[in-house]
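J.: Make a model of this:
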Amino acid sequence: MQPSINLPAPFGMHAGLAKAFAACPLIAILRGVTPADAAEHARALYEAGFRIVEVPLNSPQPFDSIAAIRQALPADAIVGAGTVLHPSYVDSVKAAGGELVVMPHSDADVVRAAKARGLACAPGVATPNEAFLALKNGADVLKMFPAEQLGPAVAKAWRAVIAQEVPLVPVGGITPDNMGPFLSAGANGFGLGSALYKPGQSAEATASHAKAFIDGLAKARGDIK
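T.: Just a heads-up that it's a prediction; the model follows:
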């Protein structure tokens, strides 16, 4: 008889993030957005159906953009920071109104700092070892990064040993047309970068790209033909 595979600790996803992710499992990455433009683009995303928006910290005045987006969107939206490379940034994320910390790596100190302050955390992982260590430290979501390098075959292999209730979110190179194979392999959602938003584009372009992703997700799920 095969022993069951359990998580290293009881898994419980941040309640606000869980609700937003269930409504739309697409995470908008507004890398390079400015505080003057942040709210307009965030509203375009929300109106298209998005409920999770992150501003990477290597954007201009990122905490001001996070604050502007938090003020602009309804309470059911989750706003957060990406590219959080050090635990010292977590307090500033929370002070700006952020509820989510996203990272390209799996630094235990950042994950623990986020969880200690009541924030959700999505660390970047590229191996099963990183994935399980991230879960041990309290991760809410596993950011599969870089997805274009790892691919659906790796997602399928991971899903065989990572519990179904843990969201697996590929990030990197995701387009409206390539989500299907990842979903079939066991992924649950996606982080969307330059195919959704590039600095300087209009809010109308953001709205158009957002709709393309919403439609692409529906098609990949089989909801529309």
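J.: so where do the strands sit in this structure?
T.: For the chain, applying DSSP state E gives strands covering 26-29, 52-56, 78-82, 100-102, 120-122, 124-125, 142-144, 168-170, 190-192.
J.: how far out from the middle of the chain is the second one?
T.: So the one you mean is strand 52-56. Distance of strand 52-56 from the chain centroid (Cα atoms, centre = their mean, to the nearest Å) equals 8 Å.
J.: Redo the strands of the chain as TSV? Include mean neighbour count, mean pLDDT and distance to residue 62.
T.: (Glycine included, C-beta is placed from N, CA and C.) Shown next, in TSV, are those (neighbours: other Cβ atoms under 10 Å; pLDDT from 0 to 100; distance: least, Cβ to Cβ, whole Å):
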stretch	mean neighbour count	mean pLDDT	distance to residue 62
strand 26-29	26	98	12
strand 52-56	28	98	5
strand 78-82	27	98	6
strand 100-102	28	98	12
strand 120-122	28	98	16
strand 124-125	24	98	18
strand 142-144	26	98	18
strand 168-170	25	98	21
strand 190-192	25	98	16
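J.: List the buried residues of stretch 156-173.
T.: Within stretch 156-173, the residues scored as buried using 16 or more other Cβ atoms under 10 Å are 158, 159, 162, 166, 167, 168, 169, 170, 171, 172.
J.: Residues in contact with stretch 168-176: which ones?
T.: With contact meaning Cβ atoms under 8 Å, 6 or more residues apart in numbering, stretch 168-176 is reached by 25, 27, 29, 122, 124, 141-150, 155, 158-159, 162, 182, 186-193, 195, 212-213, 215-217.
J.: among these, which are in helices?
T.: 147-150, 155, 158-159, 182, 212-213, 215-217 (DSSP state H).
J.: Where does the prediction get shaky in this structure?
T.: Counting by pLDDT under 70, the chain has low-confidence residues at 1-11, 225.
J.: let's see it at 90
T.: Applying pLDDT under 90 to the chain picks out residues 1-13, 222-225.
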